[in-house]
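Asker: predicted model follows, preceded by the sequence.
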Amino acid sequence: MGDNEMSVFGVSPTEEEIYRHFLRNPDTSADDIHLLVHTPPDEARRSLDRLRELGLLHPDSTHSQVSPADPGVALARLTDARLNQLHEELRRVMRARDLVEGLRAEQGSRLPPVQGIEQLEGLTEIRNRIDDLAFFARDEILSVEPYRKLSAENIARSRPLDLRCLRRGVRIRNVVLAAALDDGPTHDYLRELVKRGAQIRVAKNITERILVYDGRTALVPVDPKNTARGALLAHKSGLVSNIIALFEKIWAQADDLVSVTGEGSGEVDGLGEIERRVLISMCTVGKDEAGARELGISVRTYRRHVADLLQALGAASRAQGALLARERGWI
């Protein structure tokens, strides 16, 4: 028996061999098919029944002879069925996100409820929680990270999450040490994030470690000099607001990565890819809903990008922003 090339459509090796047999021998009897495919009679009968259900085989009116469906028609039907199956599976996976709260409720039966601050112990727990927060982020991720270089392992772990967030229109603002640009792989990774739409600034001297997700949840280390000692995850609005205020102060005092390195990298005046696309959409598309749909992001995220662009341009209206953007050569 050869390779099961039709397995992608859910066709078993035995079913494929039987179908191929009837392609070579159309309008023949299926009585002794189990001998030809070297399988028990019951299995061969089940395979024939399933091939009929799939529309790959057509028995005549007396069921004494079997003819195969045309391969082009058959595969088109199987492709449609498989794509519908995958689409439904994807919908179930997306709906499964709602399971998180239910599963955490199970923890609530043996763990005390969160009282505004959680303490995370060990790097594994911290990394797992960061992965969860990044996965479910919808609007914005703020971070201050005073590393001097990222290991290949760190980059491999962070890259899929960061790029996924950017593809979904999540805004990323990140402040790193200027010294991190001296490490080639770290510098290349940061440049890639900027090209994909992240906003990255560099500072000569920062010691704070901050992560904020969607303006509601903030993560800070227990000991900034030794992250292995654990971290605090804050949910209280007052605490989170103070942490965001600290981030904004650090952000305002930092320099844009593109301007520091002096690299063209395809952006203008530090605009990332998503900002550039929103700017073009703002100038050419009438309604925010249409612009957001065209870019594949939410209307709320689209309008936030527009507000940021108008602020960067110093414009009081979108019309004025479009004129200023054209004067500066941004579009």
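Answerer: Done, it's in.

Asker: for the stretch 151-300 of the chain, just list every one of the strands.
Answerer: Secondary structure of the stretch 151-300 of the chain (DSSP state E, counting those that start in this stretch): strands located at 171-177, 199-203, 210-213, 217-221, 231-234, 255-256.

Asker: contact partners for Leu181?
Answerer: 187, 190, 202, 257, 260-261 (C-beta atoms under 8 Å, 6 or more residues apart in numbering). Glycine gets a C-beta too; all of them are placed from N, C-alpha and C.

Asker: in CSV: these, plus neighbour count.
Answerer: Output for these, formatted as CSV (neighbours: other C-beta atoms under 10 Å):
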residue, neighbour count
His187, 17
Leu190, 22
Val202, 21
Leu257, 26
Val260, 14
Thr261, 17
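
Asker: show me where the stretch 151-300 of the chain dips below the pLDDT cut-off.
Answerer: Applying pLDDT under 70 to the stretch 151-300 of the chain flags the ranges 224, 227, 262-271.

Asker: one more pass at 90, please.
Answerer: Scanning the stretch 151-300 of the chain with the threshold set as pLDDT under 90 gives 151-171, 178-184, 188, 191-199, 203-210, 215-243, 252-300.

Asker: which residue is nearest the centroid of the protein?
Answerer: Arg164 (3.1 Å; C-alpha atoms, centre = their mean).

Asker: look up how far Phe136 lies from that one.
Answerer: Taken as C-beta to C-beta, to the nearest Å, the spacing of Arg164 relative to Phe136 amounts to 11 Å.

Asker: check Ile18 too.
Answerer: Taken as C-beta to C-beta, the span from Ile18 to Phe136 is 47 Å.

Asker: higher neighbour count, those two?
Answerer: Ile18 (27 against 12; other C-beta atoms under 10 Å).

Asker: buried set for the top helix by length along the chain?
Answerer: When the chain is parsed with DSSP state H, its longest helix is helix 71-95. For helix 71-95, burial by neighbour count (16 or more other C-beta atoms under 10 Å) applies to 74, 78.

Asker: so what touches that helix?
Answerer: Counting by C-beta under 8 Å, 6+ apart, 6, 8-11, 23, 54-56, 68-69 sit against helix 71-95.

Asker: I'd like the strands of the stretch 151-300 of the chain laid out as JSON lines, including distance to Arg318.
Answerer: Below are these laid out as JSON lines (distance: least, C-beta to C-beta, whole Å):
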{"stretch": "strand 171-177", "distance to Arg318": "19"}
{"stretch": "strand 199-203", "distance to Arg318": "21"}
{"stretch": "strand 210-213", "distance to Arg318": "29"}
{"stretch": "strand 217-221", "distance to Arg318": "32"}
{"stretch": "strand 231-234", "distance to Arg318": "36"}
{"stretch": "strand 255-256", "distance to Arg318": "24"}
